[in-house]
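Undergrad: Need a 3D model of the sequence below.
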Amino acid sequence: MLLLEIAAGEKPTEVQGTGGHLSNTLVKAVQESYGMCASAILEMADARLNGDFDRSQMECVLLVGLLRVHQDRRNRLVIRDAIGLLRNLTHPVPEVIIT
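TA: Numbering: from 1, shown residues only. Okay, here's the model as predicted:
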């Protein structure tokens, strides 16, 4: 979660969702932008950066953040793998459906 907060420059808020479940607005916004198309996730990068960042690195950071908070624990990226991906940003991020 912290990774998403840093990359997006936003704090998450939780809202009451359907069935009484809490929903995280930051996670939902990043998921929705990624759902539009893979490159749309870059729109979630901190606006204060003014686009001054490596696009592939920012995409990797945001995707790793999403995979760490995946609702399905079986698809959640373990911390060791997340650190490995962040150490080597040229490694492909696992393709997992982000929902």
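
Undergrad: How are the strands of this protein distributed by residue range?
TA: Taking DSSP state E as the test, the strands found in the chain are 14-16, 22-24.

Undergrad: where does stretch 32-42 sit relative to the chain's centre, distance-wise?
TA: 10 Å (Cα atoms, centre = their mean, to the nearest Å).

Undergrad: likewise stretch 70-88?
TA: 11 Å.

Undergrad: what about residue 58, neighbour count?
TA: For residue 58, the neighbour count with other Cβ atoms under 10 Å is 20. All C-beta atoms are positioned from the backbone trio N, CA, C, and that covers glycine.

Undergrad: which residues sit in contact with it?
TA: Counting by Cβ atoms under 8 Å, 6 or more residues apart in numbering, residue 58 touches 7, 42, 45.

Undergrad: Distance check, residue 29 against residue 78.
TA: 24 Å (Cβ to Cβ, to the nearest Å).

Undergrad: if you count what's nearby, which of those two comes out ahead?
TA: Higher neighbour count among residue 29 and residue 78: residue 29, with 16 against 10, using other Cβ under 10 Å.
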